[in-house]
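1. my questions are about this predicted structure, shown below with the sequence.
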Protein chains: 2
Amino acid sequence: MSSHSDDILHQMRSDAVNIFHAALEPVNPYNAVQRFVRVEGNSLLFEKDGNLETLDLTRFEHIFLVGGGKATAPMAKAMEDLLGDRIKAGLISVKYGFTEKLSFTEIIEADHPLPDSNGVKGTQRIIDLLNKAGERDLIFSLISGGGSALLPQPAGSIRLEEKQIVTKALLKCGASIDEINAIRKHISASKGGQMARAAYPATIINLMLSDVVGDRMDVIASGPFVPDEATFQDALQILHKYGIEDIPTSVKDHLRKGIDGRIPETPKQGDKVFNKVHNLIIGSNILALEAAAKSAEGLGYKALILSSMIEGETKDVALVHVAIAKEILKSGRPVKPPGCIISGGETTVTIKGKGKGGRNQEFCLAAAKGIMGLPLRVVILSGGTDGNDGPTDAAGAVVDPLTVQRGEKRGLEISEYLANNDSYHYLEKTRDLLMTGPTNTNVMDVRIMLLKNNEQ
Amino acid sequence: MSSHSDDILHQMRSDAVNIFHAALEPVNPYNAVQRFVRVEGNSLLFEKDGNLETLDLTRFEHIFLVGGGKATAPMAKAMEDLLGDRIKAGLISVKYGFTEKLSFTEIIEADHPLPDSNGVKGTQRIIDLLNKAGERDLIFSLISGGGSALLPQPAGSIRLEEKQIVTKALLKCGASIDEINAIRKHISASKGGQMARAAYPATIINLMLSDVVGDRMDVIASGPFVPDEATFQDALQILHKYGIEDIPTSVKDHLRKGIDGRIPETPKQGDKVFNKVHNLIIGSNILALEAAAKSAEGLGYKALILSSMIEGETKDVALVHVAIAKEILKSGRPVKPPGCIISGGETTVTIKGKGKGGRNQEFCLAAAKGIMGLPLRVVILSGGTDGNDGPTDAAGAVVDPLTVQRGEKRGLEISEYLANNDSYHYLEKTRDLLMTGPTNTNVMDVRIMLLKNNEQ
């Protein structure tokens, strides 16, 4: 290897990290709020479906702030910086420690990913606030990843633990995420549009930072302000379909009451409770990918976004990316080098070993094996936008065709580390971990592959 | 669904099938030979690394034809149609039944994928012919998929069954394909460039139809005319690495003799035996994909080739393709509709069920589940270029967003068919199988995704 090759590879590694940081910029929760919402004098301007809409703030008696999610505190900070003391009251639920210094908004800290009683109490107080809001009030709702666990409210006499028994049984039986959500929304008093019903007839602007593949608004935090498609009847049928019999009596009673019409159905598309609801996605994986593409183009790479919705087993998704890298080097397809392939979404790791890692690190380790021996003109980065990949302090990793060689020099057998799901300890020793620290946002993962020709 | 939507979907399904057939055209064995080799008067012209080279046929005393592989008979037919009675003698080894009516070339039929004694005898006769060829002779070698099994020649006193014991042990222990090949070439008398040594000092034009991911010439049919990188020492180390002790004495003795220099090493890069060898890949997956792209563009789709080297677990590779389809519909990335995404290579199916299917059908079944509910503007085709997907009479399948609905109408639960690896029986009932009959070629698989907007 010439030292010239070495220099270029180092430059490409640094380019990849810079492109990753560029991807984070538009999905930073504070930035995202202020990009979609603006105050000019007494007018509130916000972007909806690509159009700029205006609300006259003097029309409203009170402005309230509610919300839940891991990134909700900096979102509230952005709203406070826009509206200041026009905010009459605010109440948000965040994960323990995920706070900010706020002036007009109270922060409830609760547990995630498993909800706790703090979360339930906080959600009840939020619903109380929504119930009190009247026709001339304006409510901003701030929702981000983790919102479902941080805004729990079991319906009727169901206890939190009973709700969790049902969720666990559903996860175990292989029900689809839509099926699981249909049931969760029908044993909850907050999910599936029910917060919109509580707030009716107030005006609602619901700002969402999406952490779900495909950005479906009814899925983000289980859609507290979004119409629900499923019914009590659907929920019961799903339980039958998977033969789930052993569920708490309180849950059965609640579903039965729903079917008998003794408690109201979740609000549906066209329901009046949504007449004054504005649901806006202010940050999502594709926005991050588009920022990455722009940054890559600025650095001289032709950028191609594959998809923001990549799912599947991590190591197989890595193989597909490696195949694309090899094709680019061989035939200049799908882009001519210098090129940058960008993808997002969230893959799965079927854990078979006992090692330490996360899906981004495992992606990079599998990719490192695949690009071993290629020219020193390939760099692959995969990172969680929250800066926190699995139970590790790394956001992900950056690998190149020499990663495996660095591992071998340290006596590491890559196949063993892959089989043991121990990507962290391999990539730590090859010095390929990507360490960003917490980023306060979460729009799933970003993957960046950079490729050059030998002449470039 | 409007009948207009219906019509467009039918048109797109038919487009996909037409694009698949266009992909087959340049890799048809007969066409491929005649595209790379031409005779004008006494001159032989052939394309090598993009340049046209010329040989004066009057320089040669004899022209011989040898070869092995499933598609070798039509390749020989193409050479006979070019050279006629200039061919002094020919001998090729093909799979039982894969024959053609030839005039100057004898066909040996042998077993595949497990070699048999017919294959061994035929290979010995081919090596005898090569050994007799002199400096003023020209040999055409015709190699295609299956050539490794159809040109078997255990080295020294090793018997065919003993060779197979070693191969099985290697497959079982998780050795890489390069490691397996290193050993196979060192217990064979034909593989790893050893046919080039037999033919030296004749001129050799070796025409290869590639059925391997990445088109490595030393891997196609184990590279009978291609330099080998591994040594006897490597072969022994690989056996040690995986703790393979229980191998036949004949194999151990042979490797030991090789290490002691009592039998020659496989010929390496730079060896004089390759001085007059021209190794040409005349057909490969990327050629098929490029033809597909051209056909798609002709039908009004913007085409993007992802890679000809896709590997990995089939259903996860399908998920990546579905993610790209969804992104195209949502954001027009990586191509604006009407678009066509093309990929090739060969995926893996980890069989867990007892159903009937092949990797292309399983790809389509997993994709059908993923595109269910999307607008009726998505068609996904996956087909084996040999027309023969797994142990079925289908080449693959063509699915659309209504495939799952057709299945449900017939009472089929798609998840059960996926779990049982029973794609054939599902897709047979939904009438989504792709039936081409045998195509006489094999350059792995071709996948085609077509996407339009609602307005298109």
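-> That came in fine, so what should we check first?
2. okay, CA-based contacts and neighbour counts for the rest of this
-> OK.
3. near chain B, which residues of chain A?
-> A:304-313, A:316-317, A:319-320, A:323-324, A:326-328, A:333-334 (Cα under 8 Å from any Cα of the partner chain).
4. distance between the least confident helix or strand in chain A by mean pLDDT and the chain's centre?
-> Lowest by mean pLDDT, DSSP states H and E among the helices and strands of chain A is helix A:160-173, with a mean of 88. In terms of Cα atoms, centre = their mean, to the nearest Å, the centre of helix A:160-173 is found 22 Å from the chain centre.
5. list the buried residues of that helix.
-> Going by neighbour count (16 or more other Cα atoms under 10 Å in any protein chain shown), the buried part of helix A:160-173 is A:160, A:162-163, A:166, A:169-170.
6. show me what counts as buried in stretch A:349-357.
-> Under the neighbour-count criterion of 16+ other Cα under 10 Å, stretch A:349-357 has A:349, A:355-357 buried.
7. just the closest of those residues to A:His240, please.
-> A:His240 has its nearest neighbour among the buried residues of stretch A:349-357 in A:Val349, at 29.3 Å by Cα to Cα.
8. A:Cys173 reaches A:Tyr242, doesn't it?
-> Yes. A:Cys173 is within contact range of A:Tyr242, at 6.5 Å (criterion: Cα atoms under 8 Å).
9. so what's the residue nearest in space to the middle of chain A up against?
-> Taking Cα atoms, centre = their mean, the centroid of chain A lies closest to A:Asp211, which sits 1.7 Å from it. Shown in contact with A:Asp211 (Cα atoms under 8 Å, 6 or more residues apart in numbering or on different chains): A:144-145, A:220, A:284-285, A:442-444.
10. give me the phi and psi angles of the spatially closest residue to it that is not a sequence neighbour.
-> Leaving aside its sequence neighbours, A:Asp211 sits nearest to A:Val443 (Cα to Cα, 6 or more residues apart in numbering or on different chains; 4.5 Å). When quoted as degrees, to the nearest 10, the phi and psi of A:Val443 stand at phi -120, psi 40.
11. can you count the residues close to A:Val443?
-> 29 (other Cα atoms under 10 Å in any protein chain shown).
12. check A:Ile63 too.
-> 22.
13. that one pairs with what?
-> Counting by DSSP bridges, A:Ile63 is bridged to A:Ile87, A:Leu138.
14. spell out which residues make up each domain of chain A.
-> Listed by automatic domain parsing, the domain ranges of chain A are A:3-24+A:286-451, A:29-284.
15. just name the most buried of the ones you listed.
-> Comparing these by mean neighbour count (mean count of other Cα atoms under 10 Å in any protein chain shown), domain A:3-24+A:286-451 comes out on top with a mean of 22.
16. average pLDDT for it, rounded please.
-> The pLDDT scores in domain A:3-24+A:286-451 average 96.
17. and the next helix or strand past the helix or strand harbouring A:Val322?
-> Taking DSSP states H and E as the criterion, A:Val322 maps to helix A:314-331. Sequence-wise, the next helix or strand downstream of helix A:314-331 (DSSP H and E) is strand A:339-345.
18. that next one pairs with which strands?
-> Strand pairing for strand A:339-345, determined by DSSP bridges: strand A:302-310 (parallel), strand A:445-451 (antiparallel).
19. okay, those in TSV with distance to A:Lys95 next?
-> Conversion of those to TSV gives the following (distance: least, Cα to Cα, whole Å):
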stretch	distance to A:Lys95
strand A:302-310	26
strand A:445-451	20
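20. wait, which of the ones you listed is closest to A:Thr54?
-> strand A:302-310 (30.4 Å).
21. contact partners for A:Ala230?
-> Residues in contact with A:Ala230, defined by Cα under 8 Å, 6+ apart, are A:Ala182.
22. thinking again about what came up before, so which other helices or strands are in contact with the following helix or strand past the least confident helix or strand of chain A?
-> The helix or strand immediately downstream of helix A:160-173 is helix A:177-186, counting by DSSP H and E. Counting contacts by 3 or more Cα pairs under 8 Å, 6 or more residues apart in numbering or on different chains; DSSP states H and E, helix A:177-186 packs against helix A:160-173, helix A:232-241.
23. report all helices and strands that the first one contacts.
-> So that's helix A:160-173. Counting contacts by 3+ Cα pairs under 8 Å, 6+ apart, helix A:160-173 packs against helix A:177-186, helix A:249-259.
24. what's next to the longest one, contact-wise?
-> By that I understand helix A:249-259. A:155-158, A:162-163, A:186-187, A:232-233, A:235-236, A:263-265.
25. start to end distance for stretch A:353-363?
-> Taking Cα to Cα, to the nearest Å as the measure, stretch A:353-363 stretches 15 Å from start to finish.
26. what's that stretch in contact with?
-> By Cα under 8 Å, 6+ apart, the residues outside stretch A:353-363 that reach it are A:314-315, A:317-318, A:347-349, A:382-384, A:389-392, A:395-397, A:417-425, A:427, A:433, A:445.
27. export the helices and strands packed on helix A:160-173 to a markdown table and tack on mean pLDDT?
-> Listed next are those as a markdown table, based on pLDDT from 0 to 100:
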| stretch | mean pLDDT |
| --- | --- |
| helix A:177-186 | 91 |
| helix A:249-259 | 95 |
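28. for the ones you listed, which one sits closest to B:Ile127?
-> Smallest distance to B:Ile127 across these (Cα to Cα): 61.1 Å, for helix A:177-186.
29. counting by contacts, list what the helix or strand following that closest one packs against.
-> Next in sequence after helix A:177-186, counting helices and strands by DSSP H and E, comes helix A:194-199. Contacts defined by 3+ Cα pairs under 8 Å, 6+ apart place helix A:194-199 against helix A:117-132.
30. quick one: average confidence on the helix it packs on?
-> 97.
31. backbone phi and psi for A:Asn51, please?
-> Dihedral angles (degrees, to the nearest 10) for A:Asn51: phi -100, psi 150.
32. who does it bridge with?
-> So, taking DSSP bridges as the rule, A:Asn51 has A:Lys48 as bridge partners.
33. any idea how far it is from chain B?
-> Distance, A:Asn51 to chain B, by Cα to the nearest Cα, to the nearest Å: 17 Å.
34. same thing with A:Arg377?
-> Distance of A:Arg377 to chain B, computed by Cα to the nearest Cα: 18 Å.
35. residues contacting that residue?
-> A:5, A:8-9, A:12, A:401, A:450-454.
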